Structure formats: structure tokens, C-alpha cells
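>>> have a look at this prediction, sequence included:
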Amino acid sequence: MRLWRARTPPPPPTIYVGDYMHKLSRIRALDHDEDERQRREDKDYGKRLFGQTPVPLPRFLTGEKKRS
């Protein structure tokens, strides 16, 4: 046998506190260890060499005469 009861009203909507910057302002900044920082060599890891533009050689290595 089932008893019919009045349904509970839905909970009130949450109150708007502010934008995300307001919420993030309460969080302390993270400390970064200098040994774990990304280095120049790490930034290029996984990139293909074929997609880079070639760097021209200096004139003294190519054997071209100076233009006057």
C-alpha cells in the first residue's frame, strides 16, 4: 500500500556570489620550484623539424661574393 504525501518543494536556487575572479581571489597562489620550470629545450620537445623555416647560412660559409 502506498501513502500519498505532498512533495517537498524544490530547494531554492543558489545565490549568485560573483564572477570567477572573485572566487579565485580567495585561493592562495601556488609556489613554483625553480628546478621544475619549463626550459627552452623543453618548449621545442615533440615539434617536427620539417615544419620550421630554414635559417640561411652566413655569407662567408656560402662562398657568395659581396654585392656592391
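Happy to help now that I have it. Residues are numbered from 1 along each chain as shown.

>>> quick check: which ranges of this structure have low pLDDT?
Under the criterion pLDDT under 70, the flagged ranges of the chain are 1-2, 16-21, 64, 66-68.

>>> all helices of it, in order?
For the chain, applying DSSP state H gives helices covering 20-24, 40-43, 59-62.

>>> quick one: those helices as CSV, columns for distance to residue 34 and mean neighbour count too.
Yep, even glycine has a C-beta here, placed from its N, CA and C like the rest. Shown next, in CSV, are these (distance: least, C-beta to C-beta, whole Å; neighbours: other C-beta atoms under 10 Å):
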stretch, distance to residue 34, mean neighbour count
helix 20-24, 24, 9
helix 40-43, 14, 8
helix 59-62, 38, 9
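
>>> reformat these as JSON lines; add distance to residue 8.
Formatted as JSON lines, the helices of the chain follow (distance: least, C-beta to C-beta, whole Å):
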{"stretch": "helix 20-24", "distance to residue 8": "30"}
{"stretch": "helix 40-43", "distance to residue 8": "56"}
{"stretch": "helix 59-62", "distance to residue 8": "83"}
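
>>> which one of those helices lies closest to residue 52?
Proximity to residue 52 (C-beta to C-beta) singles out helix 40-43 among those, at 13.1 Å.

>>> give me the distance from the closest one to the chain's centre.
Averaging C-alpha positions (C-alpha atoms, centre = their mean, to the nearest Å) puts helix 40-43 15 Å from its chain's average.

>>> then stretch 44-62?
27 Å.

>>> ends of stretch 39-51, what's the gap?
21 Å (C-alpha to C-alpha, to the nearest Å).

>>> quick one: that stretch to chain centroid distance?
Using C-alpha atoms, centre = their mean, the mean C-alpha position of stretch 39-51 is found 17 Å from that of the whole chain.

>>> check stretch 33-41 too.
Using C-alpha atoms, centre = their mean, the offset of stretch 33-41 from its chain centre is 15 Å.

>>> tally of neighbours for residue 25?
If you count neighbours by other C-beta atoms under 10 Å, residue 25 ends up with 8.

>>> relative to residue 3, which of the helices of the chain is closest?
Here helix 20-24 is closest among the helices of the chain (C-beta to C-beta), at 43.5 Å.
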